[in-house]
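Give me the fold of what follows.
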Amino acid sequence: MGAIDTITVSDWLHDSSIKPKSLWNRRAVVRIFEKANQRSMDQIIADIASDKVSVYHVCKQFMDYLRKNYASYTCYTYRSILPGLFESVLDESRFSKRKFDRIVPSGGFYISHIKKAPERSQVVEMLKITSPLYRALIGGLACGGFRIGEWLSRRMSDLEIRPEGYARVKLQAKDTKANYARFSFLTREIIGFIQAYRVSANVSDSEYVFPSGKAEHLSYNGARITIKPLFRKVGLIDASDKSEVYTIHSFRTFASDEMRSCGLREKDALAIIGHKYGAENSYIDWKRVESNWVATCADKMCFLDIGGIAEKHIVELTRTNGKLETLLERLLERMPPVTKSQSLKQKVEPNLNFTPLGAENNLYIDSDFLEGR
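Predicted structure coming up:
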């Protein structure tokens, strides 16, 4: 532990070169590792250094615990973090990657469940029954298609609010999973949710959209613990075998589908949600994407503000009708006046010939015939 070519567990957990999501995974690994071995990480490292326990034994304990409680892919991901941890905090003579792979094999891994997306009516119901904080949080996820870490870590300065009331949201490359910068968009309604929450919570001065007293911003665990019961309240229940589940990521799928149903191009929807599809990422025309999003989604992707949308449409129709009336007046002004003689010549004489009602039918019988005349 005292070697100059090692670092402490705390140093490893706070490495400034690592992205926030990766740091979150490191903290999760340490937390679960301590639970699986029933002692603190510092104590585990001390026991390994004093030869009281083998590093491979505690790693095996960790993996056995993971396989009982977590999905296959999570087990694979968390195991892959262990070599970096122990190569950093232990002397080289105490950890071998080759021995680790032999004694603590990863085993097969696979995607063990499907993340289902809610229906629009269920998203609306969730927004109605939740608090101002989670109305803003869920609304942003359902509209912008963010990954949860991307949305929780946004600062108010990242929201570029346009004069029309909607916002373009800036995501730097370091904040995204695919490591490239992109933009997402929020409707005027969602911006209203955010502003209402920040006023009600008295956090209008905070730089983060969702500030937290204990950390810079609300944590993923804090959001997950509140949102999961909301799924159940609106009837979204996981399959008993966990083959189909509803998670925070479900809103990302919902947002992507909703943009397409509003008429947004597939390419634009993929760019907004951050779905990596090759070298084209570097050549996205974001002005065009924004224009297309405004034309197709800015009004349609509102969930509660139906009255506001209707009012806007009435104003637009009134403006259109006014333009049509002005156009008609100008057309009439350009038409030559009709003289009295032209009016008489064009007058059509009335046709006094008529057919009795029903006479056009072959079965029509004249009333005179019925009376024997």
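
Next, count neighbours for D238.
16 (other Cβ atoms under 10 Å). Any C-beta I mention is one placed from the backbone N, CA and C, and that applies to glycine too.

Could you double-check that it sits in contact with V245?
Yes. When contacts are counted by Cβ atoms under 8 Å, D238 is listed as touching V245 (4.4 Å).

what sits in contact with each of these two?
Residues touching both D238 and V245 (Cβ atoms under 8 Å, 6 or more residues apart in numbering): there are none.

Mind listing what's buried along stretch 126-140?
Of the residues in stretch 126-140, those scored as buried under the neighbour-count criterion (16 or more other Cβ atoms under 10 Å) are M126, L127, T130, P132, L133, Y134, R135, A136, L137, I138, G139, G140.

From one end of it to the other, what's the distance?
With Cα to Cα, to the nearest Å applied, stretch 126-140 spans 13 Å between its terminal residues.

Begin at 10 from now on, thanks
That works, and once the first residue is 10, the last one we named lands at stretch 135-149.

For it, the averaged confidence score.
In this model, stretch 135-149 carries a mean pLDDT of 97.

Run the chain-centre distance for that stretch.
13 Å (Cα atoms, centre = their mean, to the nearest Å).

Residues touching it, excluding its own?
With contacts defined as Cβ under 8 Å, 6+ apart, stretch 135-149 is touched by 127, 132, 155, 160-161, 195, 198-199, 202-203, 205-206, 209-210, 218-219, 227, 232, 235-236, 239-240, 242-243, 260, 312-313.

From those residues, which land in strands?
Secondary structure from DSSP state E places L195 of the contacts of stretch 135-149 in strands.

Show me just the buried residues among the contacts of stretch 135-149.
The neighbour-count test (16+ other Cβ under 10 Å) marks 127, 132, 155, 160-161, 195, 198-199, 202-203, 206, 218-219, 227, 232, 235-236, 239-240, 243, 260, 312 as buried among the contacts of stretch 135-149.

thinking Y255 is in contact with F240, fair?
Yes. Taking contact to mean Cβ under 8 Å, the distance of 4.4 Å between Y255 and F240 places them in contact.

residues shared between the contacts of those two?
When Cβ under 8 Å, 6+ apart defines a contact, the residues bordering Y255 and F240 alike are P127, I246.

quick one, what contacts V218?
Applying Cβ under 8 Å, 6+ apart as the definition, the contact partners of V218 turn out to be A145, G149, W160, R163, R164, M165, D167, L168, I203, R207, H226.

S97: how many residues sit nearby?
Using other Cβ under 10 Å as the criterion, S97 is surrounded by 16 other residues.

doesn't T17 make contact with it?
No. With contacts defined as Cβ under 8 Å, S97 does not count as touching T17, sitting 9.0 Å away.

so where's the stretch 110-259 of the chain shaky on pLDDT?
120-121, 223-224 (pLDDT under 70).

quick one: the helices in it?
Secondary structure of the stretch 110-259 of the chain by DSSP state H, counting those that start in this stretch: the helices cover 129-138, 141-153, 157-161, 197-209, 229-242, 259-270.

How many neighbouring residues does K125 have?
Close neighbours of K125, defined as other Cβ under 10 Å, add up to 16.

partner residues bridging the nearest residue to it once chain neighbours are set aside?
Nearest in space to K125, with sequence neighbours left out and distances taken as Cβ to Cβ, 6 or more residues apart in numbering, is E253 at 5.3 Å. Residues in a beta bridge with E253, per DSSP bridges, are I123.

Look up how far S265 lies from E253.
Relative to S265, E253 is positioned 18 Å away (criterion: Cβ to Cβ, to the nearest Å).

So which of those two has more stuff around it?
Neighbours per residue, other Cβ under 10 Å: of E253 and S265, the larger number sits with S265, 19 against 13.

residues in contact with the more buried one?
Applying Cβ under 8 Å, 6+ apart, the residues near S265 are G154, A278, L279, I282, H284.

so which of these is the most crowded?
Of all the contacts of S265, the highest neighbour tally under other Cβ under 10 Å goes to G154, namely 26 neighbours.

contacting residues around that one?
The neighbours of G154, taking Cβ under 8 Å, 6+ apart as the test, are S193, F260, R261, A264, S265, M268, A278, I281, I282, G283.

can I assume R164 is in contact with S215?
No. Counting by Cβ under 8 Å, R164 stays clear of S215, with 9.0 Å between them.

distance of D51 from Y74?
As it turns out, when the distance is counted by Cβ to Cβ, D51 lies 19 Å from Y74.

now do C84
In this structure, C84 lies at 10 Å from Y74, with Cβ to Cβ as the measure.

Adding distance to R36, write the helices of the stretch 110-259 of the chain out as CSV.
Compiled in CSV, the helices of the stretch 110-259 of the chain are given as follows (distance: least, Cβ to Cβ, whole Å):
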stretch, distance to R36
helix 129-138, 28
helix 141-153, 21
helix 157-161, 13
helix 197-209, 27
helix 229-242, 10
helix 259-270, 23
